[in-house]
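[1] Need coordinates for the following:
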Amino acid sequence: MGCSNSTPIETQKEKTTVFLSKEKIFRIPALIFVGNETLLAFAEKRKSKDDSSSESLVMKTGKLTKAGNSVEVEWSDSKEVVKKEDLGGHRPMNPCPIYAKERNTIYLFFIGVKGTTSERHQIFWGINETRLYYITTKDGGESWSHPIDLTETLPEIKNWATFAVGPGHGIQTKTGKLIVPAYAYPSCSSSCTSCRSCLANLFCCCDSLCCTKCCPPPHALIIYSDNEEKFKCGNMLEKTSLECEIAKTNDQGEMLYCNARSQGNIRVEAFLDDSGKVIREVKSKLVETKSGCQGSVVSFPAQPEEDGSNQGTLWLLYSHPTCRCEREDLGVYLNKSPTDPSAWSQPRVINQGPSGYSDLAYIQNGWFACLMERGEKTYIEEIACLLFSCDDL
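    Numbering: from 1, shown residues only. Take a look at the predicted model:
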């Protein structure tokens, strides 16, 4: 099964099931390492595979232990951290956690969408039914704050047809800024009314792709904090781009790397400053699947080499299905020169067969965790975790 010619990772093959879809469907993984040998995994719990059926965001705690030369993880029971009822009927989606080490605080950003309103419905009508929230915990996820609604504090949201954060982790810079990856669809202008001749047939085509083709395309951006309570929006990328993740290119966090889903056959890559100003967009060589898929990127300390030339620098690791035609064969790519988009390695496949969304976390000492959608027949059968080391790459 699969369509990739890339080399599979032969070690650490065992994947641990974290969320298993049976009566409920679990989708949209997010993962962070919070020190003290602890991972936090998040996902959406849904009634069905449809985006409009999300009921809550759930979490599990993973405890890491060393086993010889490898690392193992044991997961706690699942707990709901925010439910539709907590948001006045807005369904919670797109978990985006950030660990702020100096504040001893874990932030979980997410969106809430009114009722069962679809993304395409909002794009078509140009009326935003999505809100931006976050919750916090200072005890490792044992207890969480009430949801805080940021929607009205960001005036840009009023000009969007809809938007989303993440999904997948955000980051904190050395200066303390919280960086939340996001994307948004600008609202349609009056010139779009000509495409709405199908209004009389609303129920059969208002959510159809044909009805949104002439509406403004989506663009990735970041939402960032100047301090703990004040958030701002950065500039949108020029290229059409969707779900994204952000990584630091150096320890100072002076320049950020953005890797985003596209609507073409290659990814979108760009460099930003920590206030969201686009420094440059680059021509990517990374493969996008036919229908597009979310991917994850994480920075980590450069691993020791014989000449010692990489001390104090960062490398990047990126995960995404390697197949051009289907969401299959999840691979990881290594970049030892984060500001050079031509420096990505060939992928190593870490899950053969159906593979969907994923989120990477750097643990420590050259070890990584990848939380991924996977299955034998479809990628929504389970969300599983794989641990592997830089040596495996």
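[2] quick one: low-confidence ranges for this protein?
    Low-confidence segments of the chain, defined by pLDDT under 70: 1-13, 189-214, 228, 252-253, 306-312.
[3] Each with direction, which strands does the lengthiest strand in it pair with?
    Secondary structure of the chain per DSSP state E: the longest strand is strand 348-364. The strands beside strand 348-364 in its sheet (DSSP bridges) come out as strand 7-8 (parallel), strand 328-335 (antiparallel), strand 367-374 (antiparallel).
[4] Got phi/psi on Gly264?
    Dihedral pair for Gly264: phi -110, psi -150, per degrees, to the nearest 10.
[5] is Lys66 in a bridge, and if so with what?
    According to DSSP bridges, the residues that bridge with Lys66 are Val71.
[6] ok, how many other residues are close to it?
    11 (other C-beta atoms under 10 Å). Backbone N, C-alpha and C define where each C-beta goes, glycine included.
[7] Could you measure from it over to Gln364?
    Per C-beta to C-beta, to the nearest Å, Lys66 is found 11 Å from Gln364.
[8] same thing with Gly353?
    In this view, Gly353 and Gln364 are 30 Å apart by C-beta to C-beta.
[9] Report all helices and strands that the top helix by length along the chain contacts.
    Longest helix in the chain by number of residues (criterion: DSSP state H): helix 119-125. Where contact means 3 or more C-beta pairs under 8 Å, 6 or more residues apart in numbering; DSSP states H and E, helix 119-125 is packed against strand 160-165.
[10] rewinding a little: now the next helix or strand after the longest helix of the chain: buried residues?
    Downstream of helix 119-125, the first helix or strand assigned by DSSP states H and E is strand 130-137. The neighbour-count check on strand 130-137 (16 or more other C-beta atoms under 10 Å) flags Thr130, Arg131, Leu132, Tyr133, Tyr134, Ile135, Thr136, Thr137 as buried.
[11] Please state the offset of strand 130-137 from the chain centre?
    Taking C-alpha atoms, centre = their mean, to the nearest Å, one finds the center of strand 130-137 at 15 Å from the center of the full chain.
[12] swap in stretch 365-381?
    14 Å.
[13] What's the end-to-end length of it?
    31 Å (C-alpha to C-alpha, to the nearest Å).
[14] Tell me which stretches of the stretch 101-250 of the chain form strands.
    Using DSSP state E, counting those that start in this stretch, the strands of the stretch 101-250 of the chain run over residues 105-114, 130-137, 148-149, 160-165, 171-172, 178-186, 219-225, 231-233, 244-248.
[15] for those, which one sits closest to Asp51?
    Asp51 sits nearest to strand 105-114 of all the strands of the stretch 101-250 of the chain, at 8.4 Å, using C-beta to C-beta.
[16] The closest one packs against which elements?
    Contacts defined by 3+ C-beta pairs under 8 Å, 6+ apart place strand 105-114 against strand 54-67, strand 79-83, strand 90-100, strand 130-137, strand 160-165.
[17] and with 7 Å instead?
    Here strand 105-114 touches strand 90-100, strand 130-137, strand 160-165, going by 3 or more C-beta pairs under 7 Å, 6 or more residues apart in numbering; DSSP states H and E.
[18] for Val71, what are its contacts?
    By C-beta atoms under 7 Å, 6 or more residues apart in numbering, Val71 lies in contact with Leu64, Trp367, Leu387.
[19] One more pass at 8 Å, please.
    By C-beta atoms under 8 Å, 6 or more residues apart in numbering, Val71 lies in contact with Leu64, Thr65, Ile363, Trp367, Leu387.
[20] now do Lys45
    Lys45 neighbours (C-beta under 8 Å, 6+ apart): Lys24, Ile25, Phe26, Ser54, Glu55, Ser56, Leu57, Val58, Glu80.
[21] could you redo the last one with a cut-off of 6 Å?
    Contact analysis of Lys45 by C-beta atoms under 6 Å, 6 or more residues apart in numbering lists Lys24, Phe26, Glu55, Ser56, Val58.
[22] what's across from the nearest residue to Leu150 once chain neighbours are set aside in the sheet?
    Once flanking residues are discounted, Leu150 sits nearest to Leu132: 4.6 Å by C-beta to C-beta, 6 or more residues apart in numbering. Leu132 forms beta bridges with Ile111, as assigned by DSSP bridges.
[23] Next one: the residue nearest to Val34 when sequence neighbours are not counted from Leu178, what distance?
    Leaving out its chain neighbours, the residue that sits closest to Val34 by C-beta to C-beta, 6+ apart is Tyr99, at 4.9 Å. Distance from Tyr99 to Leu178, counting by C-beta to C-beta: 10 Å.
[24] can you check Ser342 too?
    31 Å.
[25] neighbour-wise, which of the two wins?
    Using other C-beta under 10 Å, the more surrounded residue of Ser342 and Leu178 is Leu178, with 23 against 10.
[26] Grab the nearest non-local neighbour of the more buried one.
    Nearest-residue entry for Leu178: Ser225, 4.2 Å, with adjacent residues in sequence omitted and distances by C-beta to C-beta, 6+ apart.
[27] Now do the contacts for the one you found.
    So, once contact is read as C-beta under 6 Å, 6+ apart, Ser225 ends up touching Lys177, Leu178, Phe231.
[28] can you tell me which of the residues you listed lies nearest to Gly168?
    For the contacts of Ser225, the nearest to Gly168 is Leu178 (14.6 Å; C-beta to C-beta).
[29] give the contact list for the closest one.
    Counting by C-beta under 6 Å, 6+ apart, the residues that Leu178 touches are Ile98, Gln172, Ser225.
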